[in-house]
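Dropping the sequence and predicted coords here.
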Protein chains: 2
Amino acid sequence: MSEEKKVVESRNQVLLGEADGKHKPESPAVDLENVHPADGADHLENLPLEEQKEVVRELPLEDAAEFIAEMEKHDRAALMKELSLERAAGILGEMAPDDAADVLDDFDERRRDLLLRRVEDEDALEIERLMRFDPETAGGVMNTEVMVLEQGLTADQAISLIRKAAHDTEIPYYAYVVDKDEKLMGVLSLRDLLISRPGKALKDMMRNQTLITATFDLDKEEVAHLISRYNFLALPIVDHEQRLLGIVTHDDVIDIIHEEASEDMLGMVGAGTDETIDTPWLRSVMMRLPWLVVNVGNSVVAAWVVYQFEGTIAQMAILAALMPIVANIAGNTGHQSLAVMIRQLALERFDRRKAWGAVYREAKIGVLNGLAVSLLVMAGVFFLTGKGALAGVMAVALGLDMVVGNVAGASFPLILKELGRDPAQASSIFITAITDAAGFFIFLSLAAMFLL
Amino acid sequence: MSEEKKVVESRNQVLLGEADGKHKPESPAVDLENVHPADGADHLENLPLEEQKEVVRELPLEDAAEFIAEMEKHDRAALMKELSLERAAGILGEMAPDDAADVLDDFDERRRDLLLRRVEDEDALEIERLMRFDPETAGGVMNTEVMVLEQGLTADQAISLIRKAAHDTEIPYYAYVVDKDEKLMGVLSLRDLLISRPGKALKDMMRNQTLITATFDLDKEEVAHLISRYNFLALPIVDHEQRLLGIVTHDDVIDIIHEEASEDMLGMVGAGTDETIDTPWLRSVMMRLPWLVVNVGNSVVAAWVVYQFEGTIAQMAILAALMPIVANIAGNTGHQSLAVMIRQLALERFDRRKAWGAVYREAKIGVLNGLAVSLLVMAGVFFLTGKGALAGVMAVALGLDMVVGNVAGASFPLILKELGRDPAQASSIFITAITDAAGFFIFLSLAAMFLL
């Protein structure tokens, strides 16, 4: 569904205070009539499944389709599975094809086929076509309801076509102008059409226009970057012959950016990248457990390092008390540089030279912060224990491990990126392993050399 | 600047491959003429400061203003400080007042006054008015160039007004309709105007319209949530008497969401919340150091716990090797639940009951993951050392500390939120301190009880 339509519908929505779904109308079918789809979806999500079914049964198909399209993936799947095939297919038929394709993704193949057979042929074909695009690409997020104009038309012809279309359905911000082979030739806004001489041909209105498009196989995060960089309302998506397939719009971009930020933060610590507090808890267990097991493996390295110095520790147990300070603070500095780098990779186009240059910057930060914190800790240890050599060893180990942390934190995501992997994935786990192992090794070997 | 204008300008921009600024024209002033502001800004940022000055001196004021408005805060401030007062004031005068206010924020008060005195009176007043809004609120991000129509006009009168305005400047998606006291009465899109009967009064076109607005003092993140929830292109910002002050648009929302995600990820580990790899490294040192010092304080707690068991460790140094495994894995689970909760708070309106319910969910995840990982680690320790009691103590300590981690990770941001603080700030540092101290305490006291 295009945004223009949503915007128009929003005119009739409930007051804001009721948007959180706490307001329960006695007869939902009546009260829900003029509600914004986002509020309707919220309302449904807050009802028990049985009541959701009842409400959806009483709603006009079109409203049901709009509400369900706006629901959370998990709630949506649960509800759709409860509906009769007929009702579900009717709802799918009313949805924008891209929303319908998303909803169908939640079903197994058998039920998906059963449903699609009940949707009108033309809609079903369109939905199936959309489902073939990789959901991580432009094709997977684009919507296909666009206003297409032939370039031979004049401005006034175009306006009257748009006016006519606007009466039954939504009106776009942009009209897409194609040649006779359906190749995209340019984009015109309502403004361009309104201010031009009525008889002017569309073809002539697009002179000097540098058209920006993306192909269907571009990563959706790249699409989001393009749209947000240029403040577009929508970006046309084309095939490799420059034929228009659909558009990605500003509201899709917001969803992609939110998703990307979640993936980074959750992926970093080895949680499921699409986890929310609504994820069934057993699924969360299954998503997090593999990374915890990886972490066991990583921790064994640090433990093994300490184990090599068992004798040293037995003679000087205070080392065991000081050791976590080294690991903890160096781990923290490592995470600081990790966070800066992951955000950098999320916000800007990857520039190899600039990115690796930032590792040098982090090294400098590590040296200076390392000096400052080491001196503080050295003074503290000396004050508490009166042992100058111990304080010195502690300071040197901490300072060195902090530099290790900063350099590792900044380079780890870059290495993943260069390997074509997700730069955030499990990075926190590996940075901790590195700073732990390095910290323990430096601290305990210096202690073995100078303190015994 | 409204988006429509940006969109129109984008028609003339350079090809995409050149947008990364690597393409250096020999005579920049000529090549930069038809460039999109985002690309122009990139180009400037990639030049040495001296050359930036030169380019800006040769550019028409209007282009210079647009490029500079799109530059990174840090680069922009450096460049603006290098320009003569006259040139800088001229550029400010050409900027949209909200952009000018942002640029002026980088100057000290004296230079700001010097500059404003050189800007035309009317513009200067508008800029000063905007600078008085808190930058974290709707007023601080809104732009003020909006199309306002009196509600007594008819649809065709409105269209011709818009057409006229479009010739000199940008055309908005929405026109804002006010009564004679300048109170906002409704919003009309170009579509509404195009499809309505020409003689129809605007007043009558807004029947049944439920107007959604935000007051100037609403937190900008709340504004972003509203706009992205309803897929608006723009949200009108009003004063407490419902008089229109400006609008926040979809591209502002994208910036706010990016900022919010950065603040969370960087704040969590105690880096500067606006740090990027372009931040001067000494500034980064100063922003991170305070939290590292806090972390020294936190780490001392864990060290103190270990120190209480100095005797135990002296007798059984292997404890020192196993101890980091407990702390590390429990810290990891704590960070997993922390990340889920911070994203939750970023994505959805705060629902106290639901949020605290999620702590219970995390506790269950902690118990099950704790069981699984403990059993694994118990088997490993038994296999490697042959000591059943040691393996048992290790497993119990690890399992318990993992539950502590999950519960602490989920509740810490909620406690900060309830206290009116930023839920992410330094949360990683405190979670690590909690899981370290708890893990060492449980492990070493069980060891002292059962192993010696």
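Perfect, I can see it now.

What about residue A:383, how many residues nearby?
Neighbour count of residue A:383, defined by other CB atoms under 10 Å in any protein chain shown: 9. In short, each C-beta sits where N, CA and C put it, glycine included.

what about it, distance to residue A:394?
Distance of residue A:383 to residue A:394, computed by CB to CB, to the nearest Å: 12 Å.

can you tell if stretch A:251-268 touches chain B?
Yes: judged by CB under 8 Å from any CB of the partner chain, stretch A:251-268 comes into contact with chain B at A:251, A:253, A:254, A:255, A:257, A:258, A:261, A:262, A:264, A:265, A:266, A:268.

avg pLDDT for that stretch?
Averaged over stretch A:251-268, pLDDT sits at 93.

And it, what's buried?
A:251-254, A:256-268 (16 or more other CB atoms under 10 Å in any protein chain shown).

do the same with stretch A:234-243
Using 16+ other CB under 10 Å as the test for burial, stretch A:234-243 gives A:234, A:235, A:236, A:237, A:238, A:242.

Which members of these are positioned in helices?
Judged by DSSP state H, those include no members of helices.

Within reach of chain B, which of those residues are there?
Applying CB under 8 Å from any CB, the subset of those adjacent to chain B is empty.

will you turn these into CSV that also has pLDDT?
As requested, the buried residues of stretch A:234-243 are arranged in CSV below (pLDDT from 0 to 100):
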residue, pLDDT
A:234, 91
A:235, 94
A:236, 95
A:237, 96
A:238, 96
A:242, 95
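
Just the closest of those residues to chain B, please.
Set against chain B, the nearest of these by CB to the nearest CB is residue A:234 (9.4 Å).

That closest one is in contact with residue A:175, isn't it?
No: under the criterion of CB atoms under 8 Å, residue A:234 makes no contact with residue A:175, lying 11.1 Å away.

Who are the contact partners of the residue in the stretch 351-452 of chain A positioned nearest to chain B?
Distances between the stretch 351-452 of chain A and chain B by CB to the nearest CB are smallest at residue A:358, namely 3.7 Å. By CB atoms under 8 Å, 6 or more residues apart in numbering or on different chains, the contact set of residue A:358 is A:340, A:341, A:344, A:410, B:277.

if you set the cut-off to 10 Å instead, what comes out?
A:337, A:340, A:341, A:344, A:351, A:410, A:411, A:414, B:276, B:277, B:278, B:281 (CB atoms under 10 Å, 6 or more residues apart in numbering or on different chains).

now swap in residue A:446 and tell me
With contacts defined as CB under 10 Å, 6+ apart, residue A:446 is in contact with A:389, A:392, A:393, A:394, A:396, A:397, A:400.

Now do the same for it: its pLDDT.
Model confidence at residue A:446, given as pLDDT, is 97.

re the thing from before, among the buried residues of stretch A:251-268, which lie within helices?
Checked against DSSP H, these include these in helices: A:251-254, A:256-268.

thinking again about what came up before, neighbour-wise, which one of the contacts of residue A:358 leads?
Neighbour counts for these peak at residue A:337, which has 32 neighbours (criterion: other CB under 10 Å).

For residue A:283, which non-adjacent residue is spatially closest?
With CB to CB, 6 or more residues apart in numbering or on different chains as the criterion, residue A:283 has its nearest non-adjacent residue at 7.3 Å, and that residue is residue A:272.

Which ones among the contacts of residue A:358 lie within strands?
Judged by DSSP state E, these include no members of strands.

ranges for the helices of the stretch 151-300 of chain A?
Using DSSP state H, counting those that start in this stretch, the helices found in the stretch 151-300 of chain A span residues A:155-168, A:190-195, A:202-205, A:220-230, A:250-268, A:281-308.

mean confidence score for the second one?
If I follow you right, that is helix A:190-195. On average, helix A:190-195 scores 80.

Quickly check: it near chain B or not.
Yes: judged by CB under 10 Å from any CB of the partner chain, helix A:190-195 comes into contact with chain B through A:190, A:191, A:192, A:193, A:194, A:195.

and the fourth one, what is it in contact with?
It stands for residue A:193. Listed by CB under 10 Å, 6+ apart, the contact partners of residue A:193 are A:149, A:154-159, A:162, A:175, A:200, A:202, A:205, B:194.

Residue A:357 touches residue A:341, doesn't it?
No: at 11.7 Å, residue A:357 does not count as touching residue A:341 under the criterion of CB atoms under 10 Å.

Show me whatever sits in contact with both of those two.
Common contacts of residue A:357 and residue A:341, defined by CB under 10 Å, 6+ apart, comprise residue B:277.

now stretch A:95-102, how far from the chain's geometric center?
Here the centre of stretch A:95-102 is set off from its chain's centre by 20 Å, with CA atoms, centre = their mean, to the nearest Å.

Likewise for stretch A:216-228?
Relative to its chain's centre, stretch A:216-228 lies at 12 Å (CA atoms, centre = their mean).

Is that stretch positioned near chain B?
Yes: contact between stretch A:216-228 and chain B, assessed by CB under 10 Å from any CB, occurs at A:224, A:226, A:227, A:228.

give me every residue that touches the residue nearest to the last one when sequence neighbours are not counted.
Counting by CB to CB, 6+ apart, residue A:228 lies nearest to residue B:254, which is 4.5 Å off, once chain neighbours are set aside. Under the criterion of CB under 10 Å, 6+ apart, the contact partners of residue B:254 comprise A:224, A:227, A:228, A:229, A:231, A:250, A:253, A:254, A:257, B:224, B:227, B:228.

For the residues you listed, which single residue is the most surrounded?
Highest neighbour count within these: residue A:253, with 29 neighbours (other CB under 10 Å).

mind listing what it touches?
Contact analysis of residue A:253 by CB under 10 Å, 6+ apart lists A:141, A:220-221, A:223-228, A:232-235, B:228, B:250-251, B:253-254, B:257.

how about a cut-off of 8 Å?
When contacts are counted by CB under 8 Å, 6+ apart, residue A:253 touches A:223, A:224, A:227, A:228, B:254.

Which members of those are the farthest-apart pair?
For these, the farthest-apart pair by CB to CB is A:223 and B:254; their separation is 12.8 Å.

Residue A:116 touches residue A:127, doesn't it?
Yes: the pair residue A:116 / residue A:127 is scored as a contact, 6.7 Å apart, by CB under 8 Å.

more crowded one of the two?
Taking neighbours as other CB under 10 Å, residue A:116 and residue A:127 compare with residue A:127 leading, 26 against 20.

SS state for that one?
helix (DSSP: H, G, I helix; E, B strand; the rest coil).

picking that back up, who touches both of residue A:116 and residue A:127?
residue A:104.

ranges for the strands of chain A?
Under DSSP E, chain A gives strands at A:148-150, A:174-178, A:184-189, A:214-215, A:234-238, A:244-249.
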